[in-house]
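In: based on what follows, work out the 3D shape:
(one chain, ligands or ions: 1)
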Amino acid sequence: MPRCLCGKYFGSGYRLMTLTGSTFKKLQNIVGNAYCSRKKEDLLCYAYDATARIYIPDAILFPKDSKEISEVLHLANSDRFYVIPRGAGTGMTGGSLPVEGGVVMVMSRLNRILEIDKDNLIAHVEPGVITGRFHKAVEKENLFYPPDPSSSDFCTLGGNLAECAGGPRAVKYGVTRDYVLGLEVVLPTGEIIRTGVATAKGVVGYDLTRLIVGSEGTLGIITRITVKLLPLPKALRTMIAVFDDMTSAAETVSEIIRRGIVPRTIEFMDNASIRCVERYLNMHLPVDAGALLLLEVDGKEEEVDMLIEELKTVCVSRGVNDTSIARNKEDIEKLWKARKAISPALFQYGPDKINEDIVVPRSRIPDMVRKITALKEETGLTMVSFGHAGDGNIHFNIMLDKKNQEELKKAEAAVDALFEYTIELGGTISGEHGVGITKAPYIAREIGTLELELMKKIKKLFDPNEILNPGKIFPEN
Ligand SMILES: Cc1cc2nc3c(=O)[nH]c(=O)nc-3n(C[C@H](O)[C@H](O)[C@H](O)COP(=O)(O)OP(=O)(O)OC[C@H]3O[C@@H](n4cnc5c(N)ncnc54)[C@H](O)[C@@H]3O)c2cc1C
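Out: Model (predicted):
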């Protein structure tokens, strides 16, 4: 039974399991009446994510701890219903959507920062903690948790782990998986396991922690997280560099990397992103620029000015039009506000968005920029690019009206061509948003048959009854 109210239906329909009234009563007994619902108006609130696709769940649940989650999963196996973990629903690939129905398990009550251990530079947290809240809490202690997806004000740490979120600071500091030391996880079969360590390192046995991180809520429900922390950098400088065209900006990024300079962020915005953010926020951005780079360095006070000078030199060598350095904290916040506003601001260009987050080797960014320009000219579609250029991670967006079949066809062909070229350049079709449902049809372009079969076997081993988050990652046969 197809459940998507808009967009394409991805589930097979054959494996659908229903939630009976008596099973719902058992769920009420486990989590309490106040923490589960089947009311239509409640279900609708948990039926979507940032893909704007809508799949109505059979029920929603708000468990309080791993014990309740374990009981729910035991019940799911005996009474046969699907369970779909959900953080804040900001995912870009449909990971938290109940594409085949089932019970959406919202992690918002597991929201405690359990301990910030300053002596050992680690923290223990629950998965429902909002990432930005965690940043603030550790920074108060002069500590630093680098992974910072642009959605950090509203996404959860659990969702970050499940997607292995990146963000602007990944250029210097890496992504979520680089900070996760250990986990508590409820398996799809209901058992509770602990993986990894609470020490600076540890290599005993297979690395189950790394397997769970990035598994998009298909192998287990994360209920407790141990992360490592760094000392908070003492100084920070933020600079914007304005270019007449995208190619010069892209070549600047490649040159920065080639010279071995390591800023903590190299973000870029094309002209279409600059214009829509300006219209949205009205903050005097250079709307005639072809592209803008947002460069940030951190470290010791004496280091950061030197690094900024080096970056300026590279920018000048590639024909930068203008550079300016943020004078104070307010200026820095304003620049990041502009960068983080791109995603929502894009909807000025059209009611629907196709959003990809390809990564190419950083030396090949100029090639990819040329390809995107060519696709834009060939199709006449509204395409907007921005993203984490320092990682070669380009957020490529097509803004359109999906009801217009001609536009939709052209857009799908453009995505196809984009993915093909990404793979040809030695890149990957997703740097941080995951596969979910939107990229499942393309996974076999990047992952070989043997490797894909191995992944499916791992899923089967963890989840023999296919209870947890069905219809994700793997394409339908
Ligand atoms: C404006 C905007 C900007 C963004 N910028 C970035 C960015 O810079 N970098 C980036 O990487 N992403 C970005 N994203 C994508 C998104 O915010 C991330 O993927 C984020 O990690 C999702 O977190 P969430 O709490 O919203 O998870 P959800 O969307 O609720 O879920 C995502 C996946 O995690 C699973 N999941 C959630 N909690 C658990 C748990 N406890 N155990 C097991 N599985 C779980 C779900 O089943 C699902 O598969 C952005 C999104 C938006 C809307």
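In: how far off centre is stretch 137-156?
Out: Relative to the centre of its chain, stretch 137-156 is centred 14 Å away, using CA atoms, centre = their mean, to the nearest Å.
In: can you list the residues of the stretch 151-300 of the chain near the ligand?
Out: Taking CB under 6 Å from any ligand atom as the criterion, the stretch 151-300 of the chain approaches the ligand at residues 151, 155-156, 158-160, 162-163, 165-167, 216-217, 221-222. In short, each C-beta sits where N, CA and C put it, glycine included.
In: which of those tops the neighbour count?
Out: residue 160 (34 neighbours; other CB atoms under 10 Å).
In: residue contacts, it?
Out: Taking CB atoms under 8 Å, 6 or more residues apart in numbering as the definition of contact, the neighbours of residue 160 are 87, 131, 147, 149, 176.
In: from the ligand, how far out is the first one?
Out: The one in question is residue 87. Relative to the ligand, residue 87 is positioned 2 Å away (criterion: CB to the nearest ligand atom, to the nearest Å).
In: among the contacts of residue 160, which ones are in helices?
Out: Judged by DSSP state H, helices contain the following of those: residue 131.
In: let me have the contacts of residue 160 in a markdown table, extended by neighbour count and pLDDT.
Out: Rendered in a markdown table, the data for those read as follows (neighbours: other CB atoms under 10 Å; pLDDT from 0 to 100):
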| residue | neighbour count | pLDDT |
| --- | --- | --- |
| 87 | 29 | 98 |
| 131 | 26 | 98 |
| 147 | 27 | 98 |
| 149 | 26 | 96 |
| 176 | 28 | 98 |
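In: got JSON lines for the contacts of residue 160, with distance to residue 413 too?
Out: Conversion of those to JSON lines gives the following (distance: CB to CB, whole Å):
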{"residue": "87", "distance to residue 413": "33"}
{"residue": "131", "distance to residue 413": "36"}
{"residue": "147", "distance to residue 413": "34"}
{"residue": "149", "distance to residue 413": "30"}
{"residue": "176", "distance to residue 413": "33"}
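In: now residue 19: phi and psi?
Out: As for residue 19, its main-chain torsions (degrees, to the nearest 10) stand at phi -100, psi 110.
In: what is the neighbour count of it?
Out: By other CB under 10 Å, 20 other residues sit near residue 19.
In: from residue 310, how far off is the nearest residue to it once chain neighbours are set aside?
Out: When the adjacent residues along the chain are set aside, residue 19 lies closest to residue 58, with 4.0 Å between them (CB to CB, 6 or more residues apart in numbering). With distances taken as CB to CB, to the nearest Å, residue 58 is found 57 Å from residue 310.
In: of the two, who's got more company?
Out: The residue with more neighbours, out of residue 58 and residue 310 and counting by other CB under 10 Å, is residue 58; that gives 20 against 16.
In: go ahead and confirm that one touches residue 20.
Out: No. The pair residue 58 / residue 20 is not scored as a contact, 9.6 Å apart, by CB atoms under 8 Å.
In: coming back round to it: quick check: phi and psi on the residue nearest to residue 19?
Out: Residue 58 has phi and psi values of phi -80, psi -30 when expressed as degrees, to the nearest 10.
In: what's the separation between it and residue 36?
Out: Residue 58 sits 11 Å away from residue 36, going by CB to CB.
In: CA atoms only for the lengthiest helix in the chain, dumped as CSV, please.
Out: For the chain, the helix with the greatest residue count under DSSP H is helix 405-424. Extracted as CSV, the C-alpha positions of helix 405-424 are listed here (Å, rounded to 0.1, in the frame of the first residue of the first chain):
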residue,chain,number,x,y,z
GLN,A,405,6.6,16.7,-15.8
GLU,A,406,8.9,18.2,-18.4
GLU,A,407,11.0,20.0,-15.8
LEU,A,408,11.1,17.0,-13.6
LYS,A,409,12.4,14.7,-16.4
LYS,A,410,15.1,17.2,-17.3
ALA,A,411,16.1,17.5,-13.6
GLU,A,412,16.3,13.7,-13.2
ALA,A,413,18.5,13.4,-16.3
ALA,A,414,20.7,16.2,-14.9
VAL,A,415,21.1,14.4,-11.6
ASP,A,416,22.0,11.2,-13.5
ALA,A,417,24.6,13.1,-15.5
LEU,A,418,26.0,14.7,-12.3
PHE,A,419,26.4,11.3,-10.5
GLU,A,420,28.0,9.8,-13.6
TYR,A,421,30.6,12.5,-13.8
THR,A,422,31.1,12.5,-10.0
ILE,A,423,32.0,8.8,-10.1
GLU,A,424,34.2,9.4,-13.2
